[in-house]
Every structure is written in structure tokens, then in C-alpha cells.
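Chemist: Quick one, fold the following:
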Amino acid sequence: MMTDQHLPLLEATPMLAEVPLLPHVISGDGMQQMILVQVNPGETFTIRTEDGHFQCITGPAQVPMVSPNGTMPPIFVPPGYVSQVVEENGMRKVLVLPHAMEFHPSLPPVPPHLPLYASPHPAMLHHPHVFPTELPHYVHQLPALPVYSEQGEREHLHYIYIYGIWLTLLSRATYSFIILHRQAKVVLGVLPKDSYWCSVGFLPKLNTPPFLTSHSAVLSWRPPLPLPSEVDTHSNTRAHTALLLSYELALSQSGTEGDFKLVYQGKDTTCTVGDLRPAAHYYARVCVACSSVKGAPSETVAFTTLCGTPDAPAAPRLIQRTKSSISLQWTSPNDNGSKITGFYLEYHEGKQSAFKEVYSGLAKQYKVMRLMPSTKYAFRLAAKNDVGMSAFSAVLSCCTASCSASPPAPPSPPRLTEAGVTWLSLEWGAPCGSASRDTPTYILEMEDKESDCGFQLKHRGEEQSCTVKELRRFTSYQFRVLVAGSEGTSQPSSAVEYRTQPAQPGSPGKPSLRCPAEPHSLHVIWEAPEDDGGSPVTQYVLELSHSGDEWEAVYSGSLRQHVCEGLQEGTWYKLRVHCQSSGGQSQVSEIFSVETPPLPPGPCQALRTAGAAATSEIPLCWDPPVCDGGAPVSQYCVEMTQSAEEYQQQVFCGSDRCCTVSQLLPGRTYLFWVKACNPAGWGPLSEMCQASTAPGPPEQCSAPQLILNTSTSGLATWQTPEGNGAEVCAFRMEWGLQEGALELLYSGPLTQYEVSDLQPATEYRCRVQAVSAVGAGLFSDVATVTTPASVPAAVEHVEEMREGPLGDVMAHSPATTLALRWKEPNCHGAEISSYNIDIGEELPLSTGRTSYHILENLQPDTTYRIRVQAVNSMGAGPFSSVLKLRTRALPPEPPVLECAVAGPQSLKLKWGEGLIRPQTSRGTHYCLHMQLGVDRSICIYSGPSHTFKVQRLCEATDYQFSIQAHSEAGMGPLSPSYTFSTTRSPPPQLKAPKVELIERNKYAVTWEAHQPMKGDLIVYKLQMLRGREVEQLYKGPVTSYTWHNTSAGVACRLRVYAGRRSQDGSELWGQCSLSTGLPATEPPREHRISSCHEPQPRRSWPLTDEPFATVLLLGFVVLAVLFAVLIQYFVIERE
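Modeler: Below you'll find the predicted structure:
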């Protein structure tokens, strides 16, 4: 039975990484074999996968395919073509070639002993397959060849011949592919219906332009090799439908490998290209496109435009004039491919109606003679070549000299008509009394007082106005005008002074928050602009917006902070600021977005079904809550139950406001609730929605097209796919750096989206998904795009470097150098070549590619504002944040050294300002040196203190000291030597003397003895204490003394001093010993007897120093306790 079958659906092809390159693979069903498609260089092999998309593979490459049944499908060729089997390294290759084909140089010759590939057994022809509903428009079928199966029935089988590549068949049942390559031809025949179909892109042939002019060319080309429109085979006739082809024509002037520019796109095969240059070489090529498939460009055709007439020359230039002659000079114009053969000079006196020729020739200079004095003439020039004559030049008007020559009068001073930031527009009038018929020449001179160069020429011409440019902003300049004529040059006018306008200030810094945001207020601060435009900023204006592009000024003043009050909670606000000065209003700063804290949302509204329900699915949708709590709803939760008594289960949780509840039972009624969630928490459940089950998603989108607008932005466009019965209502575009980590960037109905804030020199990936009322389709293939390189990013981590490789250099001049280092920023695709360092001077300092630098020749103790920017081949990046550094001060001078207190074994030294340190001395340390020998000294103290006590010294000895100060600026000079002496040490304290009663009122006092101290004699001093009276009893070198107490009955105590007497007679006394009381004396017997009858006299206890101090202390303690009791009773308790 004969059938007219459609082509089978295309199957996905496993790639080389997925299929092992083995001749045979054992499976459960039997042997598996491969089909190996070899793609030559310059060719493209395209495979249509199961999802309907095309995967392109560029040659040279070999694409392996696997046969599931282990059989090799037969290939049937049309008349005039043969199939040959080549066996190489144990692998069979089936070549389908014409009789007169030229083999590719890389192909091995066909062995002559191999036979033609025979038809396979009919059992190999049966494989299950599915037929599509319609054929692709680029697949064409030719009449079928009769092939008989085992049952004797005839079937129409499809075949294909592809010229220009190898088809190495190691078997697969069903495959399909598209091949685009150079010099491609197609013969569509019949193959087994389980075999292959393909469509090959063609190359049109571009003809040499038959019609050329100097400015245009007519280009035509032949379309690709047409297929027969009607073929009759075995009484079966089939009409051929022409391909829908379009052509793209491109031109280049820089050779076949240059940049081609598209000049035509359409369906015609002829195009007239205009706006060409004469005698110029052009290269043209054309390519053909069919639907979304575009072929390779054709061979390049070169052509040259015809020569043309010369361009119009420039006006002749006056070089000299007299009373009866004028000398002119000119230059040659562009000859447009043909050499200039002559020039034509014409003139008229102003009374004639037409120009008159005065010269013709090849010279570029001519002197016109026999003219009238003080007469104005007009001249024009034309050029001629072999093609023709050019247009005339602009007219030059000049006047001959007058008979009576006198210099013109001085003109009036120039007047200012308009002033700008870097320019001044001036005008002036003609001098008074000027009667010359010649047009005067005006000379404008300018003086810049800061340059000290005097008046400089800025303009010379016949115009009476001029705009002086490239001036400095907000700077005064002086101007004057002179008049030059044939009679001479006048005196300059009086000088006038004008000032340029200040520039518009730069935008202030981006606003920021001084403290965390509150629900109803924001404390906003901002930085002053880096460039004030030459005049100080007088006003800042802070603007606030929370709805679209509507901005409201909330503050206007000179401060750089403001508290915005009366705000709504959970609302995003945008803040920006601009400033004003005498130079105008600046641009607004970067927008700062901030959100106030939110609240949980309210119940969702209008939970309902979103269309017709399927047998196992119910689509639901709902409206967002009326009150979102001040924060956007992040996700929704849908709960379901079959009855109000059953437990509610969660069936959906996400950010969409619609969902499809699946895996339901048909014909059942379900109850649904929805609740919303924001960062503050979940809201209450909505009202109940009752729905019953009842009747897919759109096709996969094609890969989006990515077009880069700039290095940081691009446009993604895509086509609307088939909706499968439901209109596509939205698209979801995912974007990211890695294919497995794409994020949703856009969701909406448009078929394009502009992506911004991209990183330069970065590869991005994108895919698109279509959404209809039923659901969402599959994501498209991932499209990639790489952003171009850009200027480097801002330099970060700029800091001062004090140690490391620059330590030796910094040690020589620390007060005039600063060492910087920074972290290399992101180069954004172009290698960093240098860095610019700005320290506040007019021109930044340029360095090589290094991460550190030394700033030299700086001022000591000076603060510098330092910025660093990176430079690459794309330009200079932004400056880093300002780093304030201060150079070190000069090393400090040594202070004056003084001896504050001298002791026998110590010296307390002081220097500088003493204990009270001024603010400027902070950070200054001192190093105190003591001389130990003639050329040896040691540092005995180093620190910030202004005093130091030197101990463990010898008494009565001279010591030499010197001091020097050091700070962050370095070590200062050493002071001269200072000599200080220790004092003599007094003798140590003696023990209390021993008093013995020898006889009545006669005592023997003894005390310990001291050895002589360094040759000084030790003397002693014995004193008697009687109350507060002190009486010296003895002074001398003896250690005992016999004393007779004449005042009996009075309490006395004795103490002793030790002192040293030097050779010069001076004495140095030590501390006194403890006092010793006198022993009690026994009264005479007579006195004791009489005491029984006489009244006993009252005893008196004279107070010495120690008892008196004790009594006084006890009195103060009692008084303090009494006062405490009174305060407790009268003050604290009554309160």
C-alpha cells in the first residue's frame, strides 16, 4: 500500500560528552551503534531538539549519535548520485556523493575494492515514530521512489543528499538536522521514513555592479539554487512552494576582513547604493535569511566608483595689495580621482552684473594688475580636471590701497555682550572718522594678570565681535582692540576688564541616615559637593518622594542635615539633595532610598477561581490586602479543606497572587482560604471561597535576543510563543551570572525589558518564560551576553604605609614625604596601566602600575587631602574617597635641663614646661642621658614625663647629664652637658639614749657611737625636753655625759642628735633620736615621815608633744561624733 507520509518529529541528539565513542554498545535489547556527523571548517551543523529549539555546532567537529536498535538505516539516492562505504580504523562511513564531486582535501580516497552500499533488509525499515501536525516551512519533498517491503506493498520513502560535508553513519533510527555551509546544494529525495530530513541554507551569488557612477552603484545578486517547482515521477505531481527568503547587503571600505556596514535588507535581488565617494574602493557581500535561520555571507565582490569633478576650492587668500594691484593665493581641492588640469580666477568691481575671467592656469598664485585705487573688488575660484569643472568657491572681497595713507583712529573699547563660565563674548564698533573704502581688520588682545605675559592676540579679522574661549572660571581679564588697515595699525583702545561667570557647583554627596530610621521620621545628612564651581554654596535643598517621580522640597537652608518628620510607617522614601551658589543650581545627588518599619498585612480580598477548572485542578486568584501594613506582601498561603469541620491543609505558598491547586478529585467541592505575609508576619485568613473541580500552559519561548546599549545596560527582547488556546498574559525573565542560579528580574506583559546596573566585562545569562491564564510554560534556552570593558572601579583602602619596602626611603626625609598604598580595584575588563594621585594641586600625579607610591617634596606639618584613581585603556575611573594625611613636623629642640631637688643619693631633674604640659607637647618623648666616662653615656630615662629622679648615686659627687627630645617627626638634637652635684648625707638616727641615776638628781647619759663618714668627724648634741621647752645640755664628740638635774620634781626627757662636721667647719645634723624619760628618784626618809602629817601637794602632769597631740586628736573625734548625732536627730529624722 502506497502512502504519502509526513516527516517524523525531530529527536534530541546526545552530544559527545554523553555518548562514549565506541563502535558497539551493548544494551538490553541488543547492539547499539553510532551515527557520526563530521562538520568541515566554516560549516555549521544545527540539530533540532525535542523542545523545538535548534542547537548549532560550528566546524570542525564530529557529532556522535546513537542507534537504539543496533541497525544501520539504508540511504536511497536519486539518479546521478551514488553512496559509497568507506571503512577506516574499524569504522564504516557512508558517503552520499554525486558522480562528478570534488573531494575535500581532508577526505581520504575511496578504496576501489569497496562496493556500493546496498539496500538493507526491509525488516530494518520499521521503527515506531510520531508525525507532526504540519511540516516546517523550510522542508520540501520530492517525488517518492518505490521501495517494496516484505509484504510486497509499496511505500513512499523520503531521502536527502547533502553536498559539502561527510555523513559518517554508524546507525540511528530517526534523526533530523540543518546544515549551513559554503557552496551548499540540496537534492531532496527519499529515504526510509525512519531516517532523516534536513534543510540547508544557501549562498546567493553577488554580481559585479553593471552600473557605476561617481556617487552610486547598482548591485544585484542571484538567489540560491532554486528547487524544481514541479516534478513528475511515476504519475505523481507535487507543487513546490517557494521559500520565504530575505537578503542583507553589506559594504566595507577596509578590505574583505574589514567592518561591513548593513546598507540594505529586503526581498529584492537588486539594490542601488548611494552616497558613495568618487574613485573609492568598496567591498560588498550578501547573505540570505529564511525565517530565524540566517546563512553565511557570500563571496566578497570588490568595485571602484568612477572619478568625479573636483570639490569646490576654498576662497582665495589675499597676500598683498597696492594702489593698482592685488596678489592672491589659493590651495588645491580634492581632485576626486582625476588630476586637476587648471584653475579659473574671476572678478568683478561691484558695478557689473557678472564675473569676468582674469586668469586660467595651473599656478596657485596670481597678481591682478591695473586696478583702481581705493576700489573694492570681488574674486572667486574654480578647479577643472578631465571629468569637468568644479563649483566656484566662496567670494573674496578686498580693496586696493588709497592714495593718501594715514593710520586709522583708535576704536572704542570692546563691550561685553554675554559672559559664560569659560568664555566671554565681546563686540566693538568701527573707529570714528574712518573714510577708507577697504574693510578694516580688527585685532583683539587679552591680558591675563596671573600669567604676567601682557596682552596676547586672541582674534584678528574683519568681524566686529568675538567669543574668547578656554578661559578660567570666575576670573578677570583685560581686553583692548586695535584696527589694522592698508594705511597701518591704530593705537589700541583703552583696556577694559571683564570677569567670567562661576561654574555650576557639583552635586552634593548622596544622602544618608545619621541614625537608624524611625517609623515616622528620618534624620538625613549629606556631604558638601567636591567642586563648588568657584563660588561658595549658599543653599541646600532636600527633596523627598514616595510616589513615582513627584518630588517635594522638605528643607532649604545652609545646613547639611535635616530631620524629616510626619512620614508613614512601612513606606519607601527616596531622598535627593541639590545645592545652589552664584554659579547656579547643581545637579541632584544620587538618590537614597530608605524604608520605614512595617506592620503585618490585612486579610486578602476577593478570593475566586481564575477561569475554568480542570478535572484535577482549580485555578485560584485573589487581590492583595487593602492594607499591606506598610511593607510589600512577600508571599501568600492558600489553605484548603472539603468541609468546615475538617482540618485545613496548606496547598500553596508563594509570592504570586494566583495558583493552581492540583491533585484534586473530580466532581468535589472544596473550601479555600488565603492569607498574606510581609516581613512583619502573617495576616488573618480571607473570606471563604467555595469552588468545584472541572478543564495547558503555553509553548516554550525562543531564546531572547540580548543587545548591549552601554557597558552597564542592555535590552532583552523575545517573541511571543504559541499560547495553546489561552492568551499569553505575562512573561517572566530570569537573569544571573550562572545558569543554575538565575533570579527573577522581570514579570509583566511586555516582550522586552531593559536591564541596567550591569558590571563591565562580565558574562550574563538570561532565559524567558511565558505565562497564560492556565499556567506557565517551559523556560527558553539560556542566552548569554558579555558586557564590554569599561573604566576601572574606584580605588579602595587607600592608606598611609609606614613600614615595609619604603622604610629606608621614608627615614631620610620623614617630614616632607608620605608613603601611600592601596588595593588594586576591579579593572572592568581592561588591564590597569597607571594611577593618578590628587593631592590638591592643579594636575594629578601619574604613577605606573603599582600599589604604593611615595609623595615627596611636601611641606612639613601640613595636612593633605589625597585621592587616587585608576587608569586603563578605556579611560580614568572615579577617584577614591578622600584620605587626610598630615606630614610629620620637624624634630623638636632639646629642652633646658634643671635640678629640682638634690639629695645625697639622688637628683630630681626637670625640663621643659614641668608638670603642666601644653597641647602642642603631646606625643613628644624625651631621652635623658648620663655621662659615665669621657666618651660614654647611657640613656637612663625615655618617656613623655618632664621630671625624673636619678637614684643610687654617690653623695657629694658631680654628675653630667644631657637630654634630647623626639616625636613622630623624628629624634631631635642632643642638648649640651649639664653638671649637677649630690649633697652630703646626714648621719643616721641614733637610738634613744640610756639614762642611769648615779645619785640623787645626778644622772649618767650614754648613747651609741657612729663611725666617721668620709673623713668627717661625728659630733653629738644632747637636749633636754621640759614640756615645750628645749635645752641643750651637751655638744661634742663624746658619747656620754653626766648631768645634774637642778629642777627636781619636774618631768624631763632627753634626746640626742648625731651630726657630721666637715673640714671647713660646717655641720650637717641628722634626725633626733627618740626621747628617754628620767628614772624615778626615792625621796629622803625625813620627808617621808613628815608627809603623813602635812597635806600632800597636788601633782602636776606637764604635757609633752606626743601626749598633747593625742589629747587634741581625741577632742576632735569626740566633737565630730557629737556633730554627727545632732545632724542625725535634728535634720535627717525630722525630714
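
Chemist: And the one residue sitting closest to the centre of the chain, how close does it get to Ala761?
Modeler: In the chain, the residue lying closest to the centroid (C-alpha atoms, centre = their mean) is Ala793, at 3.4 Å. Computed as C-beta to C-beta, to the nearest Å, the Ala793 to Ala761 distance reads 11 Å. For every residue, glycine as well, the C-beta is placed using N, CA and C.

Chemist: what is in contact with those two at once?
Modeler: His828 (C-beta atoms under 8 Å, 6 or more residues apart in numbering).

Chemist: circling back: list the contacts of the residue nearest to the centre of the chain.
Modeler: Shown in contact with Ala793 (C-beta under 8 Å, 6+ apart): 825-826, 828, 870, 877-878.

Chemist: And Asn385, by the same measure?
Modeler: 307, 309-310, 335-336, 338-341.

Chemist: Name the nearest residue to it, ignoring sequence neighbours.
Modeler: The shortest distance from Asn385 to any non-neighbouring residue, by C-beta to C-beta, 6 or more residues apart in numbering, is to Ser338 (4.0 Å).

Chemist: and that neighbour, how many neighbours?
Modeler: Counted by other C-beta atoms under 10 Å, the residues lying close to Ser338 total 19.

Chemist: quick one: it and Asp386 touch, right?
Modeler: Yes - between Ser338 and Asp386 a contact is recorded at 4.9 Å, counting by C-beta atoms under 8 Å.

Chemist: which neighbours do those two share?
Modeler: Cys307.

Chemist: where along the stretch 801-950 of the chain do the helices fall?
Modeler: 807-812 (DSSP state H, counting those that start in this stretch).

Chemist: which stretches of the stretch 801-950 of the chain form strands?
Modeler: If DSSP state E, counting those that start in this stretch is used as the criterion, the strands of the stretch 801-950 of the chain fall at 818-823, 832-838, 845-847, 852-855, 863-872, 875-876, 883-886, 897-902, 907-911, 925-931, 937-943, 947-950.

Chemist: Can I get the ones you listed in CSV including mean pLDDT?
Modeler: Listed next are the strands of the stretch 801-950 of the chain as CSV, based on pLDDT from 0 to 100:
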stretch, mean pLDDT
strand 818-823, 89
strand 832-838, 90
strand 845-847, 87
strand 852-855, 87
strand 863-872, 91
strand 875-876, 89
strand 883-886, 88
strand 897-902, 91
strand 907-911, 92
strand 925-931, 91
strand 937-943, 91
strand 947-950, 92
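
Chemist: For the residue nearest to Asn385, what is the enclosing helix or strand?
Modeler: Using DSSP states H and E, Ser338 is not contained in any helix or strand.

Chemist: Just give the number of residues close to Cys677.
Modeler: For Cys677, using other C-beta under 10 Å, the count is 18.

Chemist: Find the nearest non-adjacent residue to it, please.
Modeler: Nearest non-adjacent residue to Cys677, counting by C-beta to C-beta, 6+ apart: Gln635, 5.2 Å away.

Chemist: Please apply the same query to Thr862.
Modeler: Leaving aside its sequence neighbours, Thr862 sits nearest to Thr887 (C-beta to C-beta, 6+ apart; 5.3 Å).

Chemist: So the one you found is in contact with Ile839, correct?
Modeler: No - counting by C-beta under 8 Å, Thr887 does not reach Ile839; the two are 11.0 Å apart.

Chemist: Just among the contacts of Asn385, which is most surrounded?
Modeler: Comparing those by number of neighbours (other C-beta under 10 Å), Pro310 comes first, having 27 neighbours.

Chemist: Okay, strands next: where are they in the stretch 351-500 of the chain?
Modeler: Using DSSP E, counting those that start in this stretch, the strands of the stretch 351-500 of the chain run over 356-361, 365-368, 376-385, 396-399, 415-419, 424-427, 441-447, 455-461, 465-468, 476-485, 488-489, 496-499.

Chemist: Which one of the ones you listed has the poorest average confidence?
Modeler: Mean pLDDT per stretch puts strand 488-489 lowest among these, at a mean of 73.

Chemist: what would the strands of the stretch 351-500 of the chain look like in CSV with distance to Gly557?
Modeler: What follows is the strands of the stretch 351-500 of the chain, written out as CSV (distance: least, C-beta to C-beta, whole Å):
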stretch, distance to Gly557
strand 356-361, 74
strand 365-368, 70
strand 376-385, 64
strand 396-399, 60
strand 415-419, 29
strand 424-427, 34
strand 441-447, 40
strand 455-461, 43
strand 465-468, 38
strand 476-485, 31
strand 488-489, 57
strand 496-499, 28
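
Chemist: Out of the ones you listed, which is closest to Trp551?
Modeler: Nearest to Trp551, of all the strands of the stretch 351-500 of the chain, is strand 415-419, at 31.4 Å by C-beta to C-beta.

Chemist: Listing partners with orientation, what would you give for the closest one?
Modeler: Sheet partners assigned to strand 415-419 using DSSP bridges are listed as strand 424-427 (antiparallel).

Chemist: What are the buried residues along the partner strand?
Modeler: 424-426 (16 or more other C-beta atoms under 10 Å).

Chemist: tell me the SS of Pro1107?
Modeler: Assigned by DSSP: H, G, I helix; E, B strand; the rest coil, the conformation of Pro1107 is helix.

Chemist: measure it to Gln1071 for me?
Modeler: From Pro1107 to Gln1071 the distance is 21 Å (C-beta to C-beta).

Chemist: remind me which residues of the stretch 251-400 of the chain are low pLDDT?
Modeler: 292, 351-353 (pLDDT under 70).

Chemist: got TSV for the buried residues of strand 424-427, with distance to Ala378 too?
Modeler: Below are those laid out as TSV (distance: C-beta to C-beta, whole Å):
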residue	distance to Ala378
Leu424	34
Ser425	30
Leu426	29
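
Chemist: measure stretch 910-929 end to end?
Modeler: The first and last residues of stretch 910-929 sit 13 Å apart, counting by C-alpha to C-alpha, to the nearest Å.

Chemist: typo on my end, it should be stretch 662-674
Modeler: Start and end residues of stretch 662-674 are separated by 16 Å (C-alpha to C-alpha).

Chemist: buried stuff in that stretch?
Modeler: Neighbour count says stretch 662-674 has 664, 670-674 buried, by 16+ other C-beta under 10 Å.

Chemist: And the strands of the stretch 801-950 of the chain: which comes nearest Ser214?
Modeler: That would be, of those and by C-beta to C-beta, strand 875-876, which comes in at 40.4 Å.

Chemist: Let me see the contact set for Ile319.
Modeler: Contacts of Ile319 (C-beta under 8 Å, 6+ apart): 327-329, 365.

Chemist: Could you list which of those belong to strands?
Modeler: 327-329, 365 (DSSP state E).
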